[in-house]
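1. Provided below for reference: sequence and predicted model.
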Amino acid sequence: MNPEEQTDGQPREIWRAFWRVNTYLRKIAHKTATDNRLSLPQFFLLVMIGPLESTTQKQLGQMTRFPKSTLSQAVEGLVQAGILDRRPVEENRREMQLTLTDKGKAMYENIRRRKDYANNVFEAAVRTLSEKEQKELLDYLGRIESYLEKALREQGE
């Protein structure tokens, strides 16, 4: 293979590597969600709210970028399971404030401490890189992210 063909294939291989990393993380997250009798969207909401303990449904939608129907169903399931408390916001009765219940806080803490929790597994993987490699990776990913964000804005998103 000549160098030009190899260069053309590298972006494709990087894309595939991103895809594989994402797939593995989703599989790990799915196992944790299933072990805790949660759907994947419910699990993601729990781990997004966990460090905050409270947020609005609108803010959660902006953070997760879930479709409104997915977000509403996941929130409803967490409320029904006694993991989330949902109340209207004082200043805006149409907006909902979501707060972890004691059960939700305990579940989040239990998940967060697990060695097989996706965040913990990912952190362990990143720690296999030197400090310099981690900084370089962050720089490279930041550049790719900026480019993609700009491309999305240009597409009207």
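-> On my side now, so go ahead.
2. which phi and psi does the closest residue to residue 95 other than its chain neighbours have?
-> Counting by CB to CB, 6 or more residues apart in numbering, residue 89 is the residue found nearest to residue 95 once chain neighbours are left out, at 4.3 Å. Yep, even glycine has a C-beta here, placed from its N, CA and C like the rest. Here the main-chain torsion angles of residue 89 (degrees, to the nearest 10) amount to phi -70, psi 140.
3. ok, residue 89 to residue 52 distance?
-> 15 Å (CB to CB, to the nearest Å).
4. In CSV, please show the C-alpha coordinates belonging to whichever helix or strand residue 152 is part of.
-> Assessed by DSSP states H and E, residue 152 sits inside helix 131-154. What follows is helix 131-154, C-alpha atoms only, in CSV (Å, rounded to 0.1, in the frame of the first residue of the first chain):
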residue,chain,number,x,y,z
GLU,A,131,0.2,12.1,31.7
LYS,A,132,1.7,13.5,28.5
GLU,A,133,-0.3,11.0,26.4
GLN,A,134,-3.5,12.0,28.2
LYS,A,135,-2.9,15.7,27.6
GLU,A,136,-2.1,15.0,23.9
LEU,A,137,-5.3,12.9,23.6
LEU,A,138,-7.3,15.7,25.1
ASP,A,139,-5.8,18.2,22.7
TYR,A,140,-6.5,16.0,19.7
LEU,A,141,-10.1,15.3,20.8
GLY,A,142,-10.7,19.0,21.5
ARG,A,143,-9.6,19.9,18.0
ILE,A,144,-11.8,17.2,16.4
GLU,A,145,-14.7,18.3,18.7
SER,A,146,-14.3,22.0,17.7
TYR,A,147,-14.3,21.1,14.0
LEU,A,148,-17.4,18.9,14.3
GLU,A,149,-19.2,21.5,16.4
LYS,A,150,-18.4,24.1,13.7
ALA,A,151,-19.6,21.8,11.0
LEU,A,152,-22.8,21.2,12.8
ARG,A,153,-23.5,24.9,13.3
GLU,A,154,-22.9,25.4,9.6
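5. taking the mean pLDDT, what do you get for that helix?
-> Helix 131-154 comes out with an average pLDDT of 94.
6. distance between that helix and the chain's centre?
-> 17 Å (CA atoms, centre = their mean, to the nearest Å).
7. Residues contacting that helix, please?
-> 126, 129 (CB atoms under 8 Å, 6 or more residues apart in numbering).
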